[in-house]
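# coords please:
(chains A and B)
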Amino acid sequence: MTAAAAPAAAAASGPAPPTGPRQGSASASGPSPAPASRRGAGAAGVARPPLPVRVLVAAVAVVALPALWAALAATGWLGAGLIGPAATVRALHDQWSMIWWNAEPTLTATFTGVGILLAVTAVGVVVVAAVPALTPALGGASVVIGSLPLITVTPALALVMTRGQTLVTTVTVLSGLVPVAAMLAGSALATARGRDELGALYSTGRLRWWWHVGFWNSVPVIDLGLRAMLPACFVGAIVAEWSGATGTRGLGQVMVNALFSYQPEVLWAALLLAALAALVLFALAAALMTPLRRRIR
Amino acid sequence: MSMAPPTTGRAQTGGTATASGGTDVPGPRSAMPEPAPTSASASAPTSAAAGPGRYPAPAVAGGAGPPVLRVDGVSFGYPGRRGAVTAVDDVSFTVPVGGIGVLVGPSGCGKSTLLRLVAGLLEPTAGTIDVAGVSPAQLRRARRAGFAFQDPGLLSWRSVRRNIELPFDLARLPKDRAWVDHLLEITGLADWAGRRPRELSGGMRQRVALARALATRPDVLLLDEPFGALDEITRADLNFELLRILSDTGTTCLLVTHSVDEAVLLADTVVVLGPRPCSVHAVHEVPVPRPDRREQRDSAEFAARCRAIRAALEGAR
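So this is what the prediction gives:
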């Protein structure tokens, strides 16, 4: 559900970010008419649909998934284990205090991990702009960390760390570190774009270039990186709990317990809450990046 | 006015700069017209007003002052796996103060490389380049070169005005708002100063790139096919605008183009380059005062000059 919710959230939050700072698309013979630009003509010369159409498409996309879910549950093809959305919402309502009590540490670990990774990102984009030689190391690090199966990392870490909130947060950070490292490597490349020409012509230092040009060049990369990092953190927290990082509380713990005690409605309710939390994280990413995305459009 | 006979062949490379600073290009130079005042000063701040001491007014309409840009026996090779790949081979030419030199040649012959060598973005492997009495590296460090690249490369998050002001930010120079206002005025962008690049036409974006290159009042303006992507009419308009702007500012210019018509229209000196590695095949002078060029465009002399340069280009293959 979490993964499935992601595209819908992305669609709801706006179009895909540009791949780089974009140039206008007007013809050579005259300026773009202002109304076209207000409508948000893209770099490829394809005008975006009007706002009501976009809202309608996003709404349809958001509604389509629960509708499909309800239809599939109503058929009964997948047995009694597939609970429909109405029953799931009812279960979430009935079991709210228990599920929320368990979700609290999961969300705390997620947001703590996100905070740490945002700080790493903020420092990292400046560091890689100042020392681009770090870029290959970051690329290698993201591959190595990405190759570690999180579900096996957690028990290994439990051997050296006390089980509990700190361990969940550590796994959360580790799972978000892959997109962050890839993002920083991409950001270093985007930052350097054009520096060998304009930057060299005016003998501009790396940090000055980054401040005036490089950072804005890397906004699309940072945007994509954050969109990948935030849900990855949440998945990391839940996976850590599945593999016994806490042993007492946690949304992952609720899912495992519901599975083994055959309480499908509780499992689906926990899943629904996880999806809603993922949507909140997407909204956070959008809130952070939309003003910057608008500026470079 | 009859067309000056072109000088052709590699021998030209030896007949350019002299130690005394004068030019001894045979043939075409002797056909240069007598110095005549430019038409610039009436409509815009003069060079002196714009930048005290930085911009001597062009000596003549076509630029016939002492050489401000001297390329002497320059060679350059890009490093490759099997040794350096020669891109520029023993190139020599000069462009006088306030003059416009135009480089024409086949695709991939190394014109842009030559421009980057003059800008100090690349270091020649042999030969010397002297721009306004200094090396390209010194020129670059002193922020006295302006460069408009093939791709305007405007920053989408900055307004037109802030794009033009970018060199001040990059070079850590105080912003000269009056000069930027003037650039906006002479490039016809004053009403668009607050707009973003995506709201502009291709021609307007090229003009912004041109204004940005002029922002720091460079001694030498380098233009790498600045109007290459534009349609014929817009291109012709911008050519005349460029002539006017260069006359207004008194800036010496070296320009790369594929268009022979554009070369003859703009140039005081057309340098015809041979295929890779880039070498000087011929140098043609265009002794037509700038104010007369619009009228001259449809003349028999203009057509004859274009024919001569096309012939030189074909001969260079």
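# all contacts plus neighbour counts: C-alpha atoms, from now on.
Noted.
# Report the central residue of chain A.
Chain A has A:R227 as the residue nearest its centroid, 2.9 Å off, counting by Cα atoms, centre = their mean.
# Kindly confirm whether my reading is correct that it touches A:L284.
No: counting by Cα atoms under 8 Å, A:R227 does not reach A:L284; the two are 9.3 Å apart.
# Surely B:C253 forms part of a helix?
No: read with DSSP: H, G, I helix; E, B strand; the rest coil, B:C253 is strand and lies in no helix.
# contacting residues around it?
B:G98, B:G99, B:I100, B:G101, B:V220, B:L221, B:L222, B:L223, B:L246 (Cα atoms under 8 Å, 6 or more residues apart in numbering or on different chains).
# Among those, name the ones in strands.
Mapping those onto strands (DSSP state E) picks out B:I100, B:G101, B:V220, B:L221, B:L222, B:L223.
# Could you save those as TSV and add columns showing neighbour count and distance to B:L114?
What follows is these, written out as TSV (neighbours: other Cα atoms under 10 Å in any protein chain shown; distance: Cα to Cα, whole Å):
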residue	neighbour count	distance to B:L114
B:I100	27	15
B:G101	28	12
B:V220	28	14
B:L221	22	14
B:L222	29	10
B:L223	23	11
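# just curious, which of these is nearest to A:A237?
Nearest to A:A237 among the ones in strands among the contacts of B:C253, counting by Cα to Cα, is B:L223 at 55.4 Å.
# gap between B:A132 and B:T94?
Going from B:A132 to B:T94 by Cα to Cα, to the nearest Å gives 11 Å.
# Which one of these two is surrounded by more residues?
Using other Cα atoms under 10 Å in any protein chain shown, the more surrounded residue of B:A132 and B:T94 is B:T94, with 28 against 19.
# quick one: secondary structure of the residue lying closest to the more buried one once chain neighbours are set aside?
Once flanking residues are discounted, B:T94 sits nearest to B:R70: 4.4 Å by Cα to Cα, 6 or more residues apart in numbering or on different chains. Look at B:R70: counting by three-state DSSP, its state is strand.
# B:R70 against B:F93, yeah?
Yes: shown here, B:R70 and B:F93 form a contact pair, counting by Cα under 8 Å, at 6.2 Å.
# List the beta-bridge partners for B:I129.
B:V71 (DSSP bridges).
# and the gap between it and B:A87?
For B:I129, the distance to B:A87 - Cα to Cα - is 16 Å.
# Give me the more crowded residue out of the two.
Set B:I129 next to B:A87 and count neighbours by other Cα under 10 Å: B:I129 wins out with 26 against 21.
# residues touching the more buried one, list them.
Per Cα under 8 Å, 6+ apart, neighbours of B:I129: B:L69, B:R70, B:V71, B:D72, B:V74, B:V118, B:S135, B:P136.
# Report pLDDT for the third one.
Pointing back at B:V71 there. The model reports B:V71 with a pLDDT of 88.
# show me the contacts for it.
B:A17, B:V91, B:S92, B:F93, B:T94, B:V118, B:G127, B:T128, B:I129, B:D130.
# mind listing the helices for the stretch 201-317 of chain B?
Assigned by DSSP state H, counting those that start in this stretch, the helices in the stretch 201-317 of chain B fall at B:202-214, B:232-249, B:260-266, B:293-296, B:300-316.
# most packed of those?
helix B:202-214 (a mean of 26; mean count of other Cα atoms under 10 Å in any protein chain shown).
# Can that helix be said to contact chain A?
Yes: using Cα under 8 Å from any Cα of the partner chain, helix B:202-214 reaches chain A at B:G202, B:G203, B:M204.
# mean confidence for that helix?
For helix B:202-214, the mean per-residue pLDDT is 88.
# same question, stretch B:222-239
pLDDT averaged over stretch B:222-239 gives 80.
# And stretch B:269-289, by the same measure?
For stretch B:269-289, the mean per-residue pLDDT is 82.
# what about that stretch, distance to the chain center?
Chain-centre distance of stretch B:269-289: 13 Å, with Cα atoms, centre = their mean, to the nearest Å.
# how long is it end to end?
With Cα to Cα as the measure, stretch B:269-289 spans 12 Å from end to end.
# And stretch A:204-223, by the same measure?
Distance across stretch A:204-223, first residue to last, is 26 Å (Cα to Cα).
# anything in it near chain B?
Yes: on the criterion Cα under 8 Å from any Cα, stretch A:204-223 is in touch with chain B at A:T204, A:R208, A:W209, A:H212, A:V213, A:W216.
# For chain B, state which of those residues is nearest.
The closest of these to chain B turns out to be A:T204 (Cα to the nearest Cα; 5.4 Å).
# what about that closest one, how many residues close to it?
20.
# Closest to chain A out of the contacts of B:V71?
B:V118 (11.0 Å).
# what helix or strand does that closest one sit in?
helix B:111-119 (DSSP states H and E).
# Next, the angle strand B:220-224 makes with that helix.
Angle of helix B:111-119 versus strand B:220-224, following axes from the mean of the first three to the mean of the last three Cα atoms, to 10 degrees, is 160 degrees.
# mean confidence score for helix B:111-119?
Confidence over helix B:111-119 (mean pLDDT, whole number) is 89.
# Now do the contacts for A:L134.
By Cα under 8 Å, 6+ apart, the residues touching A:L134 are A:V128.
# For it, give me the pLDDT.
On the pLDDT scale, A:L134 gets 85.
# rewinding a little: ok, the residue nearest to B:T94 - how many residues close by?
Around B:R70 there are 24 residues (other Cα under 10 Å).
# What of A:A141?
A:A141 has 17 nearby residues by other Cα under 10 Å.
# any idea how far it is from B:L200?
Separation of A:A141 from B:L200 (Cα to Cα): 42 Å.
# Over to B:L69?
34 Å.
# same deal with B:A193?
11 Å.
# more crowded one of those two?
B:L200 (28 against 19).
# Torsion angles phi and psi at the more buried one?
When quoted as degrees, to the nearest 10, the phi and psi of B:L200 stand at phi -100, psi 160.
# can the ones in strands among the contacts of B:C253 go into CSV with extra columns for distance to B:E123?
Shown next, in CSV, are those (distance: Cα to Cα, whole Å):
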residue, distance to B:E123
B:I100, 23
B:G101, 21
B:V220, 18
B:L221, 18
B:L222, 16
B:L223, 19
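# Pick out whichever of those residues sits closest to A:Q95.
Taking Cα to Cα as the measure, B:L223 is the one of the ones in strands among the contacts of B:C253 closest to A:Q95, at 70.5 Å.
# Let me see the contact set for that closest one.
B:L115, B:F147, B:A148, B:F149, B:Q150, B:C253, B:L254, B:L255, B:V256.
# So for these, which is the shakiest by pLDDT?
B:Q150 (82).
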